[in-house]
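Novice: Below: sequence and its predicted model.
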Amino acid sequence: VSFSGKTEQASRLSERYALKVISVDDELSTACDFSSQVQLGSVEEPAPDTLSYEFLLIGREANAALVLGGEVSDSIYTSLAVAAIKRLAEENKAAGEDEEFLGWICEDFPQTTKQAILFEKALTGYDAEAWVDHPHDRKSELAAPGARVDPPFTVIKSGVDLVFNLKNEIDTTLKRSLGR
């Protein structure tokens, strides 16, 4: 919901706890602009196997969807968020101890359950929809059972440490929007 104070709260949290704010909408705009500049020749195409090249490919995919009048897919938004996190990690490595930040905040992302699932999969590799054999699954009566290999049990740490869901009354939102 617009005018609910998400940007303001993200800004305050980032200042207080030395975090960086990632706005996926801003990343989308930047990626599309970068893609267009490379296509027009005003910016040189980055070398393959670099983060800039990955960003260019995401921008091209987003531009292609938008030019055809479609909407940007959840996978593109997820790729933009992950690319921004990678970029921030590189910036953090290059920064001195005084300028180092402790994490990041994704503002207004993910917005849907599908985006959250894709984001978690991109960050950790965890796939909630992957089929995992279970001892109580029904076996075929016609085919001989194959050799069973139990997958190794590993605990996958989430790529997300904390999630805020900021609720806002509609009256407050309307009052904020009247001043803009």
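Specialist: Arrived safely, thanks for sending. Residues are numbered from 1 along each chain as shown.

Novice: so what does the lowest-mean-pLDDT helix or strand in the chain touch, helix or strand wise?
Specialist: Here the helix or strand of the chain ranked lowest by mean pLDDT, DSSP states H and E is helix 170-178, holding a mean of 79. Using 3 or more C-beta pairs under 8 Å, 6 or more residues apart in numbering; DSSP states H and E as the contact definition, helix 170-178 packs against no other helix or strand. Quick note: C-beta positions are derived from backbone N, CA and C, even for glycine.

Novice: Report pLDDT for Val160.
Specialist: Confidence at Val160, expressed as pLDDT, is 73.

Novice: That one: what's it in contact with?
Specialist: 119-120, 123 (C-beta atoms under 8 Å, 6 or more residues apart in numbering).

Novice: ok now the least confident helix or strand of the chain, how far from the chain's centre?
Specialist: Taking the mean of its C-alpha atoms, helix 170-178 sits 29 Å from the chain's own mean (C-alpha atoms, centre = their mean, to the nearest Å).

Novice: doesn't Arg60 make contact with Ser35?
Specialist: Yes. At 4.8 Å, Ser35 counts as touching Arg60 under the criterion of C-beta atoms under 8 Å.

Novice: I'd like to know which elements the helix ranked longest in the chain is packed against.
Specialist: Ordering each helix of the chain by length in residues (DSSP state H) puts helix 74-94 first. Secondary structure elements in contact with helix 74-94, counted by 3+ C-beta pairs under 8 Å, 6+ apart, are strand 19-23, helix 24-40, helix 51-67, strand 103-107, helix 113-124.

Novice: ok, now with 6 Å
Specialist: Helix 74-94 sits against helix 24-40, helix 51-67, helix 113-124, with contacts defined as 3 or more C-beta pairs under 6 Å, 6 or more residues apart in numbering; DSSP states H and E.
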